[in-house]
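Asker: sequence isn't available, so here's the structure alone:
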């Protein structure tokens, strides 16, 4: 058990550096790494608990940087999209849906690379949130639509990073009832999250220090690169499962 706790803490630290740098990518990096040592469902539970814990701190520290209007609309959209994603997951092949998600992320990536600008209206924010909730329910991946929205609307890097951190905190809170219903929020998950919390805080601090050195162009490049990795990993997992 102690070896696993050390390994989990190392995985959380490395993922937290990425989170501190870009504002997203924590679960994308932490869950697969932790799954090398503990069951995937347990890794998801630890990641969700940690994001809930650190999100409380982020809400206090970054509330003045957040795009409140967009965040509120996206959160409402996520409330609608998450149960629809869970429903689709029970009816459709998870691997086939991963391929579909990878295609959707890829299209968004092409749009960002082509520097297509998205409108800032209510419909776009709500739709991005609903799509993020759908992605969350289907594959525990709320990030890509939210990232694409903020990058596509040319939102400043500091505002994007803060808004994404708070948005993922809110989507993590939405996921807690489902995890509790599935029996994943047990004493073991709470212990793992408690032990790894210092690693998350230190890693987020280190990533935040690195973010201070990035300009707008560098932040956009790093974010688009991570979106590309997300699409590729999701596609590989989906195609591998279908073959």
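Answerer: Perfect, I can see it now. For clarity, every value in this text was computed on a predicted model and none was experimentally measured. Numbers count the residues shown, from 1 in each chain.
Asker: shouldn't residue 195 be in contact with residue 9?
Answerer: Yes: Residue 195 lies in contact with residue 9 (C-beta atoms under 8 Å); the separation is 6.3 Å. Bear in mind the C-beta positions are built from the backbone N, C-alpha and C, glycine included.
Asker: and residue 11, what element?
Answerer: Using DSSP states H and E, residue 11 sits within helix 2-22.
Asker: contacts for that helix?
Answerer: 25-30, 33-34, 36-38, 46, 50, 161, 164-165, 191-192, 195-196, 198-211, 214, 219, 222-223, 226 (C-beta atoms under 8 Å, 6 or more residues apart in numbering).
Asker: now do that helix, average pLDDT.
Answerer: For helix 2-22, the mean pLDDT works out to 86.
Asker: name the residues of it that are buried.
Answerer: Buried residues in helix 2-22, counted by 16 or more other C-beta atoms under 10 Å: 4-5, 8-22.
Asker: just the buried positions in the following helix or strand past it, please.
Answerer: Counting by DSSP H and E, the next helix or strand C-terminal to helix 2-22 is helix 26-34. Within helix 26-34, the residues that count as buried by 16+ other C-beta under 10 Å are 26-31, 33-34.
Asker: same thing with stretch 146-163?
Answerer: Buried residues in stretch 146-163 (16+ other C-beta under 10 Å): 146-153, 155, 157-163.
Asker: out of these, which sit inside strands?
Answerer: Among the buried residues of stretch 146-163, none falls in strands (DSSP state E).
Asker: ok, which stretches of this protein are helices?
Answerer: Under the criterion DSSP state H, the chain contains helices at 2-22, 26-34, 40-62, 68-91, 94-113, 122-139, 143-152, 157-181, 187-211, 216-242.
Asker: packed most tightly, which of those would that be?
Answerer: Of all those, helix 143-152 has the most neighbours on average by mean count of other C-beta atoms under 10 Å, namely a mean of 26.
Asker: quick one: that one to chain centroid distance?
Answerer: 11 Å (C-alpha atoms, centre = their mean, to the nearest Å).
Asker: now swap in stretch 205-223 and tell me
Answerer: Computed by C-alpha atoms, centre = their mean, the chain-centroid distance of stretch 205-223 equals 17 Å.
Asker: first to last residue in that stretch, what's the distance?
Answerer: Length of stretch 205-223, first residue to last, C-alpha to C-alpha, to the nearest Å: 18 Å.
Asker: which residues touch it?
Answerer: 16-22, 24, 147, 151, 156-157, 160-161.
Asker: how about residue 47: what's its closest non-neighbour residue?
Answerer: With sequence-adjacent residues excluded and distances taken as C-beta to C-beta, 6 or more residues apart in numbering, residue 47 is closest to residue 27, at 4.7 Å.
Asker: once you drop chain neighbours, what's closest to residue 40?
Answerer: residue 31 (7.0 Å).
Asker: now that neighbour: how far from residue 131?
Answerer: 20 Å (C-beta to C-beta, to the nearest Å).
Asker: what does residue 43 give?
Answerer: From residue 43 to residue 131 the distance is 24 Å (C-beta to C-beta).
Asker: can you get me the start-to-end distance on stretch 207-227?
Answerer: With C-alpha to C-alpha applied, stretch 207-227 spans 18 Å between its terminal residues.
Asker: I appreciate the help and will end here.
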